[in-house]
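Participant: need a 3D model of the sequence below.
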Amino acid sequence: MLPNQRARSFAQTVSYNGNRDYEHVERFIASAKKYKEMKKLSEIDALQSLPFILKGDAANWWQTVKDKIVTWKDFESELRKEFAPRKPAYIIYSEIGQLKQQPDELTERFVAKHRALFNQLPDPPLREETQLDMMYGNLLPKIQDLIPRETIQTFDGLLEAARGIDRPRTKDTAQANSGTEVRAGRKRTRCNFCRMFGHAADVCRKKQRVMSENAANVTKSETKTESAVAEPAQSSVTPPAVEDSKECSSSIALDIRPRLMIEISIGTAQEMAFIDTGAKTSLASHKLYSYLKNIGFHFQEENTVVTLADGVPRPQNILTGRIPVKLKDRCILTKFIVLPEARDNDTLLGVDFIVDARMIINIPQLAWNFEDEPDVHYDLIQEST
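Facilitator: Residues are numbered from 1 along each chain as shown. Prediction:
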């Protein structure tokens, strides 16, 4: 085939064999139309090249109708009429009601099936809110528990919230998450710190060297501090009386302010979480992590440098996950980190959650409100001391 002929036809890039399935037909039409527009094929060139991409029953059908089709729009209409005729509305509604999400089916795929059925309904199209109402009851109970219906307004919102809940189903994904690789029928251990094969993180020399260097830096810093305390600089200022110093220390010790909390819901669990404007990322308590793990929530394992309240950065293995958090009548998709070795820690809502939830915090008044509802105030709860 000459180059100029190749540019004026579909050149075998797409094909259709007459499969009488709605999704198959729509996929073929979309691919052919996209290629036609991309290569700027004329109506005549596109129609004349159809014998090269129509196979089997579709090729036989084209020989019987090609003389009466003069535009590409006519071709799409006749192809749908022959191979994907519109079903009666009552049949489509019945299929929507019977289409249930399977335990191993990702929500994204399940939603795509429902939307394909909704697209087959006669005009006028149903509102997106109505479509969500009809589909929501067919989601897995686990998905419904974690993502309440009132917290989602669009299909995109549902899919975004469900991505952190859907557990990877394929064997390859499970192996990647466990830090192993199968090659020639055997597992290869992979370090989660240096990402090299052949050893685990607990015996990684690179990790041990980094941790030793950090420990040395901490020791050096403490030594300098002790030296400064042991040899104070000479000053002409008269130190305060001992009694005043004790009184000041006593008052400071008694002036401990309780931390502030709000109540959140995740699935069927309710959690008292601390507001922490000094944390960049939200932190899940061991209790919350255990709950999410038990209901099948999937976390990603990462190795990163973590800086805790002491200000010293340390390399550490952590778990991360995007979790839909319900606050009052709203759902905020929040990235949480988990410290696997921690047991008595609390759930902290960091700056990321505060910004995404659009919270305005009034600490002196022990109240907060949503930015778009300035007249509706909620209480900040003080921890018991």
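
Participant: poorly predicted segments of the chain, please.
Facilitator: 1-13, 164, 167-188, 190-197, 207, 210-255, 309-310, 385 (pLDDT under 70).

Participant: what's the lengthiest strand in it packed up against?
Facilitator: Longest strand in the chain by number of residues (criterion: DSSP state E): strand 313-327. The elements that strand 313-327 packs onto, with contact taken as 3 or more Cβ pairs under 8 Å, 6 or more residues apart in numbering; DSSP states H and E, are helix 205-230, strand 260-266, helix 286-294, strand 300-307, strand 330-338. For every residue, glycine as well, the C-beta is placed using N, CA and C.

Participant: where along the stretch 51-200 of the chain do the strands fall?
Facilitator: Using DSSP state E, counting those that start in this stretch, the strands of the stretch 51-200 of the chain run over 180-183, 186-189.

Participant: thinking I275 is in contact with N362, fair?
Facilitator: No - counting by Cβ atoms under 8 Å, I275 stays clear of N362, with 11.6 Å between them.

Participant: how far does the longest strand of the chain sit from the chain's center?
Facilitator: 12 Å (Cα atoms, centre = their mean, to the nearest Å).

Participant: quick check: angle from that strand to strand 300-307?
Facilitator: 120 degrees (axes from the mean of the first three to the mean of the last three Cα atoms, to 10 degrees).

Participant: next, the angle from strand 313-327 to helix 286-294.
Facilitator: 70 degrees.

Participant: what angle do strand 313-327 and strand 260-266 make?
Facilitator: Using the same axes, to 10 degrees: strand 313-327 against strand 260-266 is 70 degrees.

Participant: next, the buried residues of strand 313-327.
Facilitator: Across strand 313-327, burial judged by 16 or more other Cβ atoms under 10 Å covers 316-327.

Participant: kindly indicate which of those residues lies nearest A200.
Facilitator: N317 (11.0 Å; Cβ to Cβ).

Participant: quick check, the closest one in contact with N303.
Facilitator: Yes - look at N317 against N303 with Cβ under 8 Å: they come within range, at 5.4 Å.

Participant: and W368, what is it in contact with?
Facilitator: 262, 359-362, 377-378, 380 (Cβ atoms under 8 Å, 6 or more residues apart in numbering).

Participant: who's the nearest residue to A284 once chain neighbours are set aside bridged to?
Facilitator: The shortest distance from A284 to any non-neighbouring residue, by Cβ to Cβ, 6 or more residues apart in numbering, is to F336 (4.2 Å). Here F336 sits in beta bridges with S282, G321, going by DSSP bridges.
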